[in-house]
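# Give me a 3D structure for the following:
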Amino acid sequence: MDMTARQYRSVLYIPGSKDRALDKARGLPVDAIIFDLEDAVTPDAKVEARATLKAALDQGGYGSRAKIIRINGLDTEWGKGDVEALRDADADAFLLPKVDSAADVQALADLLGNGKPIWAMMETPLGIMNALEIAAHPQLAGFVAGTNDLAKELNCRFRADRLPMQMALQTILMAARAHGVVAIDGVYNQFKDDEGLKVECDQGRDLGFDGKTLIHPAQVEVTNAAFAPSEAEIDLAKRQIAALEEVEAAGQGVAVVDGKIVENLHVETAKKTLAKAAAIAELAK
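Numbering: from 1, shown residues only. Modelled structure (predicted):
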């Protein structure tokens, strides 16, 4: 499966131990679901959560949403058991927490033994510094920024502009783009603050993230809108493509839209914008 061909505007964490939440997720307008066996499940419920999640995935009903299972770390008492119980589940990828190196990804690949795509939580200083080698692993398909854990490790303050996070966020993006993997921004903790969420979504989209991880269904609408092409962007994309086609047909050399020269690279971006808009429209049917 080509994981980069899908939409990942909204990526919602769902506890793998809660039947009601697993059922509700089937009807939410999210692009992807992270079925969480790690932070969202208490230690006493972790073993039982495997069977609960497996039954939900076997039942299906999640439509075109990407299904990603976040296991516990392989250095914990639950990680290996999570893989053994769910390696053949109907999921699109496995998400490994606290990835420090490509060796961590390989350890999960060896346990899976089936070539299934692996995503990495980028939430440690060592993981950020090794982002390029992690992204280069042949089974690695996506990065998820774990900004809460990273903030704890950095001992930095939470700021609305996320200034202390910028080096880490941009390193994640650079590595992801260098190796063609998905890059998802971290969570916004105040799930009742739509204005603050929008600001952070807009920043993540401006940086280049494909979407954002969410902790509550109430965050979906704002996030989907922020990571979708706007009407103005769609209009500009259409006019850029038409302008370049017109000058090429006429044998002229320069296309101009809104006072700016349009080159092939702009048209390439414009076509991606229209393709994304079309894919989102298809999801909404």
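
# Quickly find the element holding the residue nearest the centre of the chain.
Most central in the chain under CA atoms, centre = their mean is Ile184, positioned 3.2 Å from the mean C-alpha point. For Ile184, the enclosing helix or strand under DSSP states H and E is strand 182-185.

# ditto for Ile280
Counting by DSSP H and E, Ile280 is found in helix 264-283.

# List of residues touching that helix?
7, 9, 29, 31, 64, 228-229, 233-234, 236-238, 240-241, 244 (CB atoms under 8 Å, 6 or more residues apart in numbering). For every residue, glycine as well, the C-beta is placed using N, CA and C.

# show me where the stretch 51-200 of the chain has helices.
Here the stretch 51-200 of the chain has its helices, by DSSP state H, counting those that start in this stretch, at 79-86, 102-112, 125-129, 131-135, 147-154, 166-179, 194-207.

# from those, which stretch is densest packed?
Across the helices of the stretch 51-200 of the chain, averaging neighbours per residue (mean count of other CB atoms under 10 Å) puts helix 131-135 on top, at a mean of 21.

# how about CSV for the helices of the stretch 51-200 of the chain, with mean pLDDT and distance to Gln219 added?
Converted to CSV, the helices of the stretch 51-200 of the chain look like this (pLDDT from 0 to 100; distance: least, CB to CB, whole Å):
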stretch, mean pLDDT, distance to Gln219
helix 79-86, 98, 26
helix 102-112, 98, 28
helix 125-129, 98, 25
helix 131-135, 98, 26
helix 147-154, 97, 15
helix 166-179, 98, 19
helix 194-207, 98, 6
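
# Just grab the bridge partners of the residue nearest to the centre of the chain for me.
Beta-bridge pairing of Ile184 under DSSP bridges involves Val144, Gly211.

# Can you give me the distance of Gly81 to Leu95?
Distance from Gly81 to Leu95, counting by CB to CB, to the nearest Å: 16 Å.

# sorry, back to before: can you mark which positions in the helix holding Ile280 are buried?
266-267, 270, 273-274, 276-277, 280, 283 (16 or more other CB atoms under 10 Å).

# cool, and stretch 117-127?
117-124, 127.

# Determine which two of these are furthest apart.
Across these, no pair lies farther apart than Pro117 and Thr124, at 21.2 Å, counting by CB to CB.

# hmm, back to that, which single one of the buried residues of stretch 117-127 is nearest to Ala175?
The closest of the buried residues of stretch 117-127, once distances to Ala175 are taken by CB to CB, is Met122, at 8.6 Å.

# so the closest one touches Asn130, yeah?
No - using CB atoms under 8 Å, Met122 is not in contact with Asn130; the gap is 9.5 Å.

# Return every residue with contacts to both of the two.
Counting by CB under 8 Å, 6+ apart, nothing touches both Met122 and Asn130.

# so what pLDDT did Met1 get?
If you check Met1, the pLDDT there is 40.

# Could you do Thr4 as well?
pLDDT at Thr4 comes out at 50.

# again, but for the one 3 residues further on
Confidence per residue is given as pLDDT, and for Gln7 that number is 94.

# so what's it up against?
Counted by CB under 8 Å, 6+ apart, Gln7 has contacts 31, 211, 276, 279-280, 283.
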